[in-house]
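J.: Just need the structure, nothing else, for what follows:
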Amino acid sequence: MKKNITMKKIHIEMPLKIRFLLFAFILTIFTINANNVRITNVTCLNPGIANSSLSFNLSWDNSWRVSGMAPNNYDAVWIFVKTQLVDPAAVNCETTNPWVHGDMHTAQDSFASGLPLEIKLVTDQKGIFIQRAYDGTGQITATYVKIKLSNAAGNYNFKVFGIEMVYVPQAAFVIGDNSSNRYIPAQWISSENAILTSSICTGTGGNYFFQYACNDQSIPAAYPKGYDAFYCMKYEISQNQWVEFLNTLTYDQQATRTSILPNTVPGLSGACAMQATCSNRNGVKLIQSGISTTAPKTPAIYGCDLQTAPGDAFNSNLDGKNIAMNYLTWNDLLTYLDWSGLRPMSNFEYEKACRGPIGQVAGEYAWGTTQITQAQSSLLTGTVGSATEVSQSRGYGLCAYGSALGANGPLRVGFAARDTTTRVTAGATYYGIMDMSGNVMEIVTGGQFANRQGYTLQSTIHGDGSLTAAGDYNSAGWGPAYYQGAWAAVGGRGECSLVWWNIEFRGGAWDRAASEARISDRSYNNTSICNSVYTVCWGWYNNQTYSGGY
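T.: Here you go, the predicted model:
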């Protein structure tokens, strides 16, 4: 587990929040806000009846759609729902029944949105994309949305989640820059066809695609090479998003995804959930004990607490809800992606999402230049821990990095973006994705190993919203990550001192050297990465149908 790895690109300024509305017909609606996504006035329009219809208002900031000119793309919100069946005799909708994924209905006429939005259905029914229907920029004010689920009759609690995404259109692009550490030769990727590794097994990093017989290997056609279109999370996963994920799991699932047992007594200040001391700005805590002696077990409740309770209440505006989530493992990442209906991104997609359809610049960062300005969590202005915390530093390529900053931690996701910033000063990618260089590392598929397990990912296989009883992902074809070395117990959760295979750690982090934040740097392919890992999550879909605004 790494203190500087997090899931990527969904959110920017405000993390997930939750609000409770109690209805007389035994229905609780949980409103979930991912960063600056706001989902309000959630209502079940047909309580107790099969195929629940929900309405809500959706708003978010920093939205755009641009056609016919660079970057020729748009942002969107990935909406998905979790449902919890409520027993008829339940008091105040309280139940220990598990939260399950609510599949969307297939009837297009059951979905509607007000202008300027449109709804994009996906074939696996795990969620919907909501995006601008036509060109424009700026805030999306509260807009009416109606969706329909495919569920059995009954009384339910609902949680509606929204994750900000960015559409990366189909386009040829360059992978490699002929310069960075363990680079591969710069070359254009102009299709999703299989690639013979003989074309990339040169350069300081070519042999790191496979361990043996490099010239005789191939990257399968089904492996996502970034040429086709995909959706990508706009921001790194925030700590509050991880908290909301934990709060939908069962007791046993929570035990797997945290470092302490859910029945731990938290005390007035809560109990650090991901490592022993809540170090490196990780404020995720267990705040209410679960119960393991009853059947079924009662899950714990988690919250954010960067400013320690009881002096500052749990989940306050000062508790770091917007800070990028660290101390996650590769399995944590895959489990979150499975739960949310997304999938991992590949090493090819990472470079496409950063560089866009233009040629490479030797040693460039995600914002397309070699300029970089250091930001660090010990030098902030605004209200520290809140959605307004910003770096004291200003300059081109504002980036959270620094190999000597082990006592610091990640910053608020999207921290460098302001009303007046450009791509370079905001540290954004060609397509408008934040923090792809610095803050926390991005874990992607690929990497080095003879069995090619890092290249089994298929672009059409996404998470199904459900997990194993033990709290692990169960999506086929995502492939395991292998390691060499011994696990060391650090802070109660697995901290590695080993070499990883079949995955790559890209983009650098707040505690890594500036050179590691370069787009094509592959320093952490086949290497030890202890104390420096966070995760990223991405997803893309084909063959969508549309439901326009009105």
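J.: In this structure Gln241 contacts Ala324, no?
T.: No. Gln241 lies out of contact with Ala324 (CB atoms under 8 Å); the separation is 9.9 Å. Any C-beta I mention is one placed from the backbone N, CA and C, and that applies to glycine too.
J.: Between the two, tell me which one has more neighbours.
T.: Ala324 (35 against 30; other CB atoms under 10 Å).
J.: and Asp332, which of the three is it?
T.: Using DSSP: H, G, I helix; E, B strand; the rest coil, the structure places Asp332 in helix.
J.: so what's it closest to, chain neighbours aside?
T.: Arg257 (6.2 Å; CB to CB, 6 or more residues apart in numbering).
J.: And for Gly102?
T.: For Gly102, ignoring the flanking residues on the chain, the nearest one in space by CB to CB, 6+ apart is Val81 at 3.8 Å.
J.: Could you look up the SS state of that neighbour?
T.: strand.
J.: now it: how far from His101?
T.: 8 Å (CB to CB, to the nearest Å).
J.: Neighbour count for those two, which is higher?
T.: When neighbours are counted by other CB under 10 Å, Val81 comes out ahead of the other of Val81 and His101, with 27 against 23.
J.: From Thr329, how far off is the more buried one?
T.: Per CB to CB, Val81 is found 27 Å from Thr329.
J.: Please apply the same query to Arg394.
T.: To Thr329, Arg394 is 35 Å away according to CB to CB.
J.: re the thing from before, show me what contacts the residue nearest to Asp332?
T.: Counting by CB atoms under 8 Å, 6 or more residues apart in numbering, Arg257 touches Phe245, Leu246, Leu249, Asp332, Thr335, Gly471.
J.: Please identify which helix or strand holds the first one.
T.: When elements are defined using DSSP states H and E, Phe245 is found to belong to helix 239-246.
J.: gap between whichever helix or strand comes after that helix and the chain center?
T.: Downstream of helix 239-246, the first helix or strand assigned by DSSP H and E is helix 251-257. Offset of helix 251-257 from its chain centre (CA atoms, centre = their mean, to the nearest Å): 20 Å.
J.: can you tell me the average pLDDT over stretch 62-80?
T.: Averaged across stretch 62-80, the pLDDT comes to 96.
J.: C-alpha coordinates for it, PDB please?
T.: Presented in PDB, the C-alpha positions along stretch 62-80 are these (Å, rounded to 0.1, in the frame of the first residue of the first chain):
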ATOM      1  CA  ASN A  62     -16.100  24.100 -14.800                       C
ATOM      2  CA  SER A  63     -18.100  22.400 -17.500                       C
ATOM      3  CA  TRP A  64     -17.500  22.600 -21.200                       C
ATOM      4  CA  ARG A  65     -18.200  21.300 -24.600                       C
ATOM      5  CA  VAL A  66     -16.100  22.300 -27.600                       C
ATOM      6  CA  SER A  67     -16.600  21.100 -31.200                       C
ATOM      7  CA  GLY A  68     -14.600  21.700 -34.300                       C
ATOM      8  CA  MET A  69     -11.600  23.100 -32.500                       C
ATOM      9  CA  ALA A  70      -9.100  21.800 -29.900                       C
ATOM     10  CA  PRO A  71      -9.600  20.000 -27.600                       C
ATOM     11  CA  ASN A  72     -12.800  18.900 -29.400                       C
ATOM     12  CA  ASN A  73     -14.300  17.300 -26.300                       C
ATOM     13  CA  TYR A  74     -16.500  17.800 -23.300                       C
ATOM     14  CA  ASP A  75     -16.900  16.900 -19.700                       C
ATOM     15  CA  ALA A  76     -19.600  14.800 -18.200                       C
ATOM     16  CA  VAL A  77     -20.900  13.300 -15.000                       C
ATOM     17  CA  TRP A  78     -21.100   9.500 -14.500                       C
ATOM     18  CA  ILE A  79     -24.300   8.800 -12.500                       C
ATOM     19  CA  PHE A  80     -24.900   5.500 -10.700                       C
END
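J.: returning to what we had before: between Arg394 and Thr329, which one's more packed in?
T.: Thr329 (20 against 12).
J.: per-residue pLDDT, that one?
T.: 83.
J.: Do you know the pLDDT at Ser466?
T.: For Ser466, the model assigns a pLDDT of 97.
J.: what's the nearest residue to it if we skip its chain neighbours?
T.: Per CB to CB, 6+ apart, closest to Ser466 is His101, 5.8 Å.
J.: Repeat that for Tyr251.
T.: The shortest distance from Tyr251 to any non-neighbouring residue, by CB to CB, 6+ apart, is to Lys297 (3.7 Å).
J.: Could you list the low-confidence segments of the protein?
T.: 1-35, 181-183, 199-216, 404-406, 448-452, 479-501, 525-550 (pLDDT under 70).
J.: domains of it?
T.: 1-8+167-550, 18-166 (automatic domain parsing).
J.: so which of those domains is the most packed in?
T.: Most buried of the domains of the chain, by mean neighbour count (mean count of other CB atoms under 10 Å): domain 1-8+167-550, with a mean of 21.
J.: chain center to it: distance?
T.: Relative to the centre of its chain, domain 1-8+167-550 is centred 7 Å away, using CA atoms, centre = their mean.
J.: same thing with stretch 129-140?
T.: Taking mean C-alpha positions (CA atoms, centre = their mean), stretch 129-140 and its chain are 21 Å apart.
J.: which residues are in contact with it?
T.: 58-67, 74-79, 113, 115-120, 122, 145, 165, 167, 231, 541, 544, 548-549.
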